[in-house]
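A.B. asks: below: sequence and its predicted model.
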Amino acid sequence: MRVRLLLILLLIISVESFHAQIGLPEDIKIGVKLPMKSEYLHEERSVWVSLPEGYEQSTKTTYPVIYVLDAENNFNYLSTVYQYLSKEPFGVLPQAILVAIANTDRTRDLTPTNTSKEMSFSGKKQVMFAGSGGNATFMKFIKDELFPAIEKKYRSNGYKVLVGHSFGGLAAINNLLSEPLFNAYIANDPSLWWDKELLIKKTETSKDDFKNIKFYLAQANNAEARNVKDDEHEIAIGKFKNLLEQQKLKNLQWKYGFYQSDDHGTVPLPGNNDGLRYIFRSYKWNFRDAMKNTALINQHYQEFSKDMNHTFKPTELFFKKIIDIAKERSSAESVKELEQLKKEYYP
């Protein structure tokens with residue numbers, strides 16, 4: 001009995017010693033899930049939100065919002081990558097709020113028309129996409145319900161980007177051609193074959209002016225992955241790219257990327273990285289020069305705002321971090337000038 005009690009006591013001491021060495025576990029959080037009732041869609045939706053570093057402490061800073069389709073596939077990696085690339089004051093992207101929309105009926109929400117397609121699986125024919133064609137209603141949900149809810153709850157500066165992949169890329173291009181709700185778009189390997197290349201035809205006849213809208217088109221190397229050349233997916237994207245080169249979408253600022261090492265399933269990661277860098281390309285600068293000449297901060301953000309056709313300001317976190325660096329590396333006069341400029345932006 002005494003031996004058993006001694007063993008139990010030793011076990012307790014060992015466990016307590018182990019906890020003392022490594023500490024108690026603590027969750028690492030990258031975002032929150034918000035339930036949202038939609039009157040347009042007649043259902044509850046889940047919206048996943050990631051806030052930039054310092055959001056809670058920076059009570060006056062406003063941010064662009066990156067809206068992401070297919071939250072289940074894209075939220076975890078994109079929120080982490082974006083936070084890394086926008087880390088103040090070294091970031092190549094501006095700090096932003098990420099809002100990702102989880103699916104309930106993906107085909108319904110992301111396709112512009114109701115059309116079915118008969119496909120063969122293991123020798124058996126099956127009708128696909130019978131419930132398609134609800135994209136117009138889905139975009140009403142985004143415009144009239146999601147936008148107001150996000151702008152009420154979070155500090156948005158009004159600049160919006162839409163990120164989509166496959167059917168999500170189709171939905172992004174459909175909105176661009178129909179009623180642009182966003183300042184910029186990223187379409188990763190979009191399903192432009194949909195409904196006999198409906199959006200290709202719409203692009204061919206477009207008379208609209210897309211001035212001040214930015215667009216990034218990413219294409220995967222599906223021919224190699226599927227061992228199939230020139231299938232309808234690749235043909236449709238090629239036609240759309242040719243129309244962009246012919247400037248069928250007047251004044252649209254666009255760029256194309258082909259990803260030799262990626263197929264349809266993996267292209268969103270490099271496509272979103274390059275697409276966001278393209279959209280915010282004028283944001284990158286050498287902030288270290290500003291510690292010697294604070295006038296460069298105003299100059300940079302004025303030039304960036306002009307390129308984006310939207311007002312952007314340095315964040316409160318930017319000033320906090322650059323002032324801390326200046327205290328270690330620059331003169332007292334530089335620190336004083338930076339602190340004064342911060343008060344001008346954030347009285």
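C.D. replies: Cool, got the structure.
A.B. asks: now do the helices in this structure.
C.D. replies: 2-22, 71-85, 106-110, 135-141, 147-153, 167-178, 194-204, 222-226, 232-245, 268-279, 295-308, 316-329, 332-345 (DSSP state H).
A.B. asks: and the fifth one, what does it pack onto?
C.D. replies: Applying 3 or more CB pairs under 8 Å, 6 or more residues apart in numbering; DSSP states H and E, one finds that helix 147-153 contacts strand 43-50. Yep, even glycine has a C-beta here, placed from its N, CA and C like the rest.
A.B. asks: adjacent strands (with direction) for the strand it packs on?
C.D. replies: Here strand 43-50 has these sheet partners by DSSP bridges: strand 32-38 (antiparallel), strand 97-101 (antiparallel).
A.B. asks: any idea which of those strands is most buried?
C.D. replies: Ranked by mean neighbour count, the strands paired with strand 43-50 are led by strand 97-101 with a mean of 24 (mean count of other CB atoms under 10 Å).
A.B. asks: what does that one contact?
C.D. replies: Contact with strand 97-101 is made by 31, 45-52, 55, 63-71, 74-75, 78-79, 82, 142, 146, 150, 154, 156, as judged by CB atoms under 8 Å, 6 or more residues apart in numbering.
A.B. asks: of those residues, select the buried ones using a PyMOL command.
C.D. replies: Here is the PyMOL selection string for the buried members of those, based on 16 or more other CB atoms under 10 Å:
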select buried, resi 31+45+47+48+49+50+51+52+55+63+64+65+66+67+68+69+70+71+74+75+78+79+82+142+146+150+156
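A.B. asks: before we move on, the earlier item: I'd like the helices of the chain laid out as CSV, including distance to Gly91.
C.D. replies: Formatted as CSV, these follow (distance: least, CB to CB, whole Å):
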stretch, distance to Gly91
helix 2-22, 32
helix 71-85, 6
helix 106-110, 31
helix 135-141, 31
helix 147-153, 22
helix 167-178, 24
helix 194-204, 34
helix 222-226, 32
helix 232-245, 29
helix 268-279, 11
helix 295-308, 13
helix 316-329, 9
helix 332-345, 18
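A.B. asks: among those helices, which is nearest Asn212?
C.D. replies: Nearest of the helices of the chain to Asn212, taken as CB to CB: helix 295-308 at 8.4 Å.
A.B. asks: chain center to the closest one, what's the gap?
C.D. replies: Helix 295-308 sits 23 Å away from the centroid of its parent chain (CA atoms, centre = their mean, to the nearest Å).
A.B. asks: tilt between that helix and helix 268-279?
C.D. replies: Helix 295-308 runs at 110 degrees relative to helix 268-279, counting by axes from the mean of the first three to the mean of the last three CA atoms, to 10 degrees.
A.B. asks: make JSON lines out of the strands paired with strand 43-50 and add mean pLDDT and distance to Trp193.
C.D. replies: Shown next, in JSON lines, are the strands paired with strand 43-50 (pLDDT from 0 to 100; distance: least, CB to CB, whole Å):
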{"stretch": "strand 32-38", "mean pLDDT": "97", "distance to Trp193": "29"}
{"stretch": "strand 97-101", "mean pLDDT": "98", "distance to Trp193": "23"}
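A.B. asks: could you save those as TSV and add columns showing distance to Leu269?
C.D. replies: Converted to TSV, these look like this (distance: least, CB to CB, whole Å):
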stretch	distance to Leu269
strand 32-38	22
strand 97-101	15
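A.B. asks: between the helices of the chain, which gets nearest to Lys255?
C.D. replies: The closest of those to Lys255 is helix 268-279. By CB to CB, the value is 4.9 Å.
A.B. asks: what sits against the residue nearest to Ile322 when sequence neighbours are not counted?
C.D. replies: Sequence neighbours aside, Pro89 is the residue nearest to Ile322 in space, at 4.9 Å (criterion: CB to CB, 6 or more residues apart in numbering). Neighbour list for Pro89: 287, 318, 321-322, 325 [criterion: CB under 8 Å, 6+ apart].
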